[in-house]
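Student: Sequence first, predicted model second:
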Amino acid sequence: MSLLIRNMESRDLDDVLVLAADSLEAPHWNRRDYEHILLAAPSEPLLRCALVADHGEKVAGFAVASWLRQETEAEVEGLFVERDCRRQGVGSALIAACMAWAVNAGASTVRLEVRASNTAAHALYRRYGFSTAGVRRAYYSAPVEDALVLQAPLLTQTPVPL
């Protein structure tokens, strides 16, 4: 099956919202939140990137990243892979694309939060140079759980077009 990472479009929102609703790990933003991300002007101080992963005929995952122009650090605000598509390179392709976007935007580091118990995500992020920068106690709800704040340098990344 082929894997394609591309910019999220309005036509993807139904699929993204269904994926997110079926998981505790996914960002639970509403349609208006995603539409704001998609429609934001690139000249704003807050730049955002929304990506989807097409795996065969379906949206298998998505990611959203952001960067404030005056900061050195970009943030992966959310990354989710549909359960049946995990361990097939979808998450890896999404995090690599987010990191490439952050380099192209001008960031020198990237950070994210991940549930302390999500060992599969920890392993993925460590492969991309992330290390623990902190802990946010009781950051997640349903169930209540700590978040690990992970950070990775982008200085050695080569900018690539998306």
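Tutor: Sure, I can see it. Numbers count the residues shown, from 1 in each chain.

Student: Excluding covalently adjacent residues, which one is nearest to R83?
Tutor: S23 (7.4 Å; Cβ to Cβ, 6 or more residues apart in numbering). Quick note: C-beta positions are derived from backbone N, CA and C, even for glycine.

Student: ok, that neighbour to I95 distance?
Tutor: Distance of S23 to I95, given as Cβ to Cβ, to the nearest Å: 17 Å.

Student: Of the two, give the one with the bigger neighbour count.
Tutor: Higher neighbour count among S23 and I95: I95, with 23 against 13, using other Cβ atoms under 10 Å.

Student: Give me the three-state assignment for that one.
Tutor: Put simply, I95 is helix when judged by DSSP: H, G, I helix; E, B strand; the rest coil.

Student: what does the worst-scoring helix or strand of the chain on mean pLDDT contact?
Tutor: Every helix and strand in the chain was compared by mean pLDDT, DSSP states H and E; the lowest is helix 31-39, with a mean of 79. Helix 31-39 is contacted by residues M8, E9, S10, L13, V16, L17, R48, A50, V64 when judged by Cβ atoms under 8 Å, 6 or more residues apart in numbering.

Student: How about stretch 72-79?
Tutor: By Cβ under 8 Å, 6+ apart, the residues outside stretch 72-79 that reach it are 26-27, 29, 61-67, 91, 94-95, 98, 101-102, 105, 107-112, 151, 154.

Student: In PyMOL, how would I select just the buried ones from those?
Tutor: Filtering those down to the buried ones (16 or more other Cβ atoms under 10 Å) takes a single PyMOL command:
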select buried, resi 26+27+29+61+62+63+64+65+66+67+91+94+95+98+101+102+105+107+109+110+111+112+151+154
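
Student: Of the contacts of stretch 72-79, which belong to helices?
Tutor: Counting by DSSP state H, the members of those that fall within helices are G91, L94, I95, C98, W101, A102, A105.

Student: can you redo the residues you listed as a markdown table with pLDDT?
Tutor: Supplementary listing: the ones in helices among the contacts of stretch 72-79 in a markdown table, determined by pLDDT from 0 to 100:
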| residue | pLDDT |
| --- | --- |
| G91 | 93 |
| L94 | 96 |
| I95 | 96 |
| C98 | 96 |
| W101 | 94 |
| A102 | 94 |
| A105 | 90 |
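
Student: Pull the contacting residues for the nearest residue to N30 once chain neighbours are set aside.
Tutor: Leaving aside its sequence neighbours, N30 sits nearest to L17 (Cβ to Cβ, 6+ apart; 7.9 Å). Counting by Cβ under 8 Å, 6+ apart, L17 makes contact with N30, R31, Y34.
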